[in-house]
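*Asks:* sequence first, predicted model second:
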Amino acid sequence: MSLLAGFAGMVIALGSLPLSMLVVALIVGPAVLLMPATGLISLFLLMSTVIAGCMQYFLRIEQSHWLPALLLIAMFVRLPVDAFRHSARNPGLGGLSGLGLVLLVFGTLVIGSALVNLSPPMQVLVGLKQYVFPLALIATIVFAGAKWGYWLRVWRMVPWLMLLQLPLCLYQYIFVEKGSAASFGALGIAWDRVVGSFGGNPEGGGSSGALAMFLCFGLVATLALRRGGYISGRLTWAACVAALASVFLAEVKVVAVFLPLALLVYYRRHVMRSVGSFLLWSLSSLLFVVALLVAYQVLHYSDKGSRSIDLAATFSYSTRAEKDITMYNRQTGEMSRLGALVTWGQENVGAGKMVETLIGYGPAASKSFSSLFGQGAEARKHPFQLQVSTASALLWDVGLLGTGCFALLFAFGFVQAVRLANRLADSAPLQSGLMDMAAVAIALTSVGLIYDASSLFVAPVQMLSSWAIGLVALVAAFARQAPDSAAAAVSAGAFRSAKA
């Protein structure tokens with residue numbers, strides 16, 4: 001065993017990703033394939049939200065972002081067995097749901113685009129990691145056969161994950177951002193270095209947007225758990241304070257959209273009940289935004305080095321940059337979000353490239369850089385980044401058909417989650433609560449489609465959206481199979497076992 005460990009260490013030290021993946025797969029693969037599906041799901045959740053990101057940020061192991069992908073590959077390998085067991089447990093549940101059909105069509109479009117464009121093998125592998133591997137989590141959730149109490153325990157992990165972020169964000173704010181922010185100037189990106197456990201590079205920034213999205217989701221999930229009486233008031237207060245403090249330390253302005261949206265989706269029945277309730281939500285959202293901007297001014301924009309940085313000036317610059325569809329940063333290659341979409345339209349629809357407009361240039365063709373293959377086949381033809389947002393990356397990689405299918409997946413999942421939450425609110429409170437959380441997660445990641453490209457590249461965001469869509473498919477099957485009285489009994493039993 002010691003010889004095997006030494007050999008593995010030498011191979012990984014060479015820095016070759018394919019060899020490292022092969023060694024890890026040979027050593028860990030058999031154990032992963034034999035573990036229960038619920039154990040594999042739990043391991044993936046921890047790997048995505050804590051382990052891989054900390055290895056990347058603190059240990060400087062850049063390729064650790066492939067670890068969640070390796071677990072997804074393991075899920076794919078064992079899908080036939082899990083599907084067979086699922087069908088044996090549920091002989092009366094057959095056929096392909098609407099959500100399953102959309103997933104199948106999207107996966108087919110991704111593979112079809114790669115074949116039509118004769119994409120290089122390593123580029124295809126990275127493209128599968130972005131687009132296809134996360135589908136394995138959705139299928140595994142449906143086929144796992146987990147008891148409902150397991151999903152409640154997963155839900156109850158969220159407050160503890162939020163508590164974990166605060167000490168990490170404090171360290172990153174005090175020792176990483178404060179130590180280097182002065183060199184970035186008024187329009188720098190030093191605060192992107194506060195990423196919690198979500199990964200990145202201390203010198204070049206990281207997944208602060210993914211951290212903010214998870215914290216907003218987690219805050220609402222914690223409130224929902226407390227509302228049902230399944231966590232203590234002390235844990236609720238601690239987790240919510242930790243989440244807000246981490247948001248203030250990370251400086252992600254899109255939180256001004258994320259948190260009000262998450263609260264609106266969860267409390268939609270109360271907010272939409274009357275004009276007064278809607279006005280109260282609007283006023284609360286406005287007060288939060290003001291408090292957020294004041295905190296950012298104090299923590300991030302005042303007295304940096306020898307200069308005082310003005311938040312209003314930075315906001316004004318960002319707004320102008322987003323409106324200018326022709327501008328791009330020559331140092332980073334970044335374009336405005338709108339500019340990236342307009343550029344795609346001009347170079348494809350406007351140029352009459354019908355095939356590329358419909359199915360794109362192949363998965364990962366727009367990728368700016370990959371340690372496996374360098375730049376994507378289409379990205380190397382342009383001086384600016386093509387993957388400014390998830391939407392622009394989808395358009396370049398899989399065209400209008402793939403982008404439309406991806407958007408339909410999120411829209412279908414959100415609508416079905418809301419319907420199931422409303423339908424099961426009285427008869428199956430656990431399943432209804434899970435659907436409320438799924439609706440919040442899908443709403444947040446949907447906003448992220450036009451905000452950045454984290455839905456494709458950042459494992460925690462991929463996990464959040466796939467987890468939500470998988471639960472929607474699972475609860476939809478449950479709702480078709482179980483009458484209301486049985487649903488109530490199953491839900492109550494799950495709650496009692498989780499409480500014990």
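*Replies:* Looks like it arrived, so ask away.
*Asks:* thought residue 206 was touching residue 195?
*Replies:* Yes. Judged on CB atoms under 8 Å, residue 206 makes contact with residue 195 at a distance of 4.0 Å. C-beta: built from backbone N, CA, C; applies to glycine.
*Asks:* any residues in contact with both of these two?
*Replies:* residue 57 (CB atoms under 8 Å, 6 or more residues apart in numbering).
*Asks:* of those two, who's got more company?
*Replies:* Ranked by neighbour count (other CB atoms under 10 Å), residue 206 and residue 195 place residue 195 first, with 30 against 22.
*Asks:* quick one: that one from residue 386, how far?
*Replies:* According to CB to CB, to the nearest Å, residue 195 and residue 386 sit 24 Å apart.
*Asks:* likewise for residue 159?
*Replies:* Per CB to CB, residue 159 is found 38 Å from residue 386.
*Asks:* can you give me the strands for the protein?
*Replies:* 200-201, 205-206 (DSSP state E).
*Asks:* taking the mean pLDDT, what do you get for the last one?
*Replies:* It stands for strand 205-206. For strand 205-206, mean pLDDT is 78.
*Asks:* what lies in contact with that strand?
*Replies:* Contact with strand 205-206 is made by 56-57, 189-190, 192-193, 195, 198-200, as judged by CB under 8 Å, 6+ apart.
*Asks:* buried residues in the longest helix along the chain?
*Replies:* The longest helix of the chain (DSSP state H) is helix 390-423. By 16 or more other CB atoms under 10 Å, the buried positions in helix 390-423 come out as 390-403, 405-406, 409-410, 412-414, 416-418, 420-421, 423.
*Asks:* what does stretch 192-207 give?
*Replies:* Residues of stretch 192-207 classed as buried: 192-200, 202, 205-207 (neighbour count, 16+ other CB under 10 Å).
*Asks:* stretch 438-457 now?
*Replies:* Under 16+ other CB under 10 Å, the buried positions of stretch 438-457 are 438-446, 448-449, 451-457.
*Asks:* any idea how far residue 300 is from residue 288?
*Replies:* Separation of residue 300 from residue 288 (CB to CB) stands at 17 Å.
*Asks:* neighbour count for those two, which is higher?
*Replies:* Legend: neighbour count by other CB under 10 Å for residue 300 and residue 288, higher for residue 300 (22 against 16).
*Asks:* any chance you could list what contacts stretch 216-229?
*Replies:* Stretch 216-229 is contacted from outside by 155-156, 158-159, 161-162, 231, 233, 235-236, 239-240, 243-244, 247, 255, 258-259, 261-263, 265-266, 429, 433, 436-437, 440-441, 444, 464, 495, using CB under 8 Å, 6+ apart.
*Asks:* how about a cut-off of 6 Å?
*Replies:* Stretch 216-229 has contacts (CB atoms under 6 Å, 6 or more residues apart in numbering) with 158-159, 162, 231, 236, 239-240, 243, 258-259, 262, 266, 433, 437, 440-441, 444.
*Asks:* related to what we said a few turns ago, how about the contacts of strand 205-206 in JSON lines, adding pLDDT and distance to residue 108?
*Replies:* Output for the contacts of strand 205-206, formatted as JSON lines (pLDDT from 0 to 100; distance: CB to CB, whole Å):
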{"residue": "56", "pLDDT": "89", "distance to residue 108": "32"}
{"residue": "57", "pLDDT": "90", "distance to residue 108": "36"}
{"residue": "189", "pLDDT": "48", "distance to residue 108": "38"}
{"residue": "190", "pLDDT": "54", "distance to residue 108": "43"}
{"residue": "192", "pLDDT": "77", "distance to residue 108": "36"}
{"residue": "193", "pLDDT": "83", "distance to residue 108": "40"}
{"residue": "195", "pLDDT": "92", "distance to residue 108": "35"}
{"residue": "198", "pLDDT": "91", "distance to residue 108": "31"}
{"residue": "199", "pLDDT": "86", "distance to residue 108": "31"}
{"residue": "200", "pLDDT": "83", "distance to residue 108": "33"}
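*Asks:* restricted to helices, list the residues you listed.
*Replies:* Of the positions in those, 56-57 sit in helices, assigned by DSSP H.
*Asks:* which residues are in contact with residue 242?
*Replies:* Contacts of residue 242 by CB under 6 Å, 6+ apart are 162-163, 166.
*Asks:* would JSON lines of the residues you listed with neighbour count and pLDDT be doable?
*Replies:* Shown next, in JSON lines, are these (neighbours: other CB atoms under 10 Å; pLDDT from 0 to 100):
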{"residue": "162", "neighbour count": "26", "pLDDT": "95"}
{"residue": "163", "neighbour count": "18", "pLDDT": "96"}
{"residue": "166", "neighbour count": "20", "pLDDT": "95"}
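*Asks:* next step: these restricted to helices.
*Replies:* Those of those mapping onto helices are 162-163, 166, per DSSP H.
*Asks:* before we move on, the earlier item: dump the strands of the chain into JSON lines; add distance to residue 87 as well.
*Replies:* JSON lines is the format used below for the strands of the chain (distance: least, CB to CB, whole Å):
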{"stretch": "strand 200-201", "distance to residue 87": "42"}
{"stretch": "strand 205-206", "distance to residue 87": "42"}
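*Asks:* against residue 244, how distant is residue 260?
*Replies:* Applying CB to CB, the value for residue 260 to residue 244 is 14 Å.
*Asks:* swap that for residue 343, sorry
*Replies:* 38 Å.
*Asks:* in the stretch 201-350 of the chain, which spans are helices?
*Replies:* For the stretch 201-350 of the chain, the helices defined by DSSP state H, counting those that start in this stretch occupy 208-227, 233-250, 255-266, 268-271, 275-296, 311-323, 337-344.
*Asks:* check which helices and strands the fifth one sits against.
*Replies:* So that's helix 275-296. helix 255-266, helix 268-271 (3 or more CB pairs under 6 Å, 6 or more residues apart in numbering; DSSP states H and E).
*Asks:* which one of the ones you listed is the most hemmed in?
*Replies:* helix 255-266 (a mean of 21; mean count of other CB atoms under 10 Å).
*Asks:* now it, how far from the centre of its chain.
*Replies:* Distance of helix 255-266 from its chain centroid, counting by CA atoms, centre = their mean, to the nearest Å, is 16 Å.
*Asks:* same deal with stretch 76-89?
*Replies:* Chain-centre distance of stretch 76-89: 26 Å, with CA atoms, centre = their mean.
*Asks:* mind listing what's buried in that stretch?
*Replies:* Here stretch 76-89 shows 76, 78-79, 82, 86 as buried, counting by 16+ other CB under 10 Å.
*Asks:* tell me which of these fall in helices.
*Replies:* Here DSSP H is the test, and the buried residues of stretch 76-89 give 76, 78-79, 82, 86 as lying in helices.
*Asks:* can you list the residues you listed in JSON lines and add pLDDT and distance to residue 69?
*Replies:* Listed next are these as JSON lines, based on pLDDT from 0 to 100; distance: CB to CB, whole Å:
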{"residue": "76", "pLDDT": "90", "distance to residue 69": "10"}
{"residue": "78", "pLDDT": "89", "distance to residue 69": "15"}
{"residue": "79", "pLDDT": "89", "distance to residue 69": "15"}
{"residue": "82", "pLDDT": "86", "distance to residue 69": "19"}
{"residue": "86", "pLDDT": "80", "distance to residue 69": "24"}
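*Asks:* alright, that wraps it up for me.
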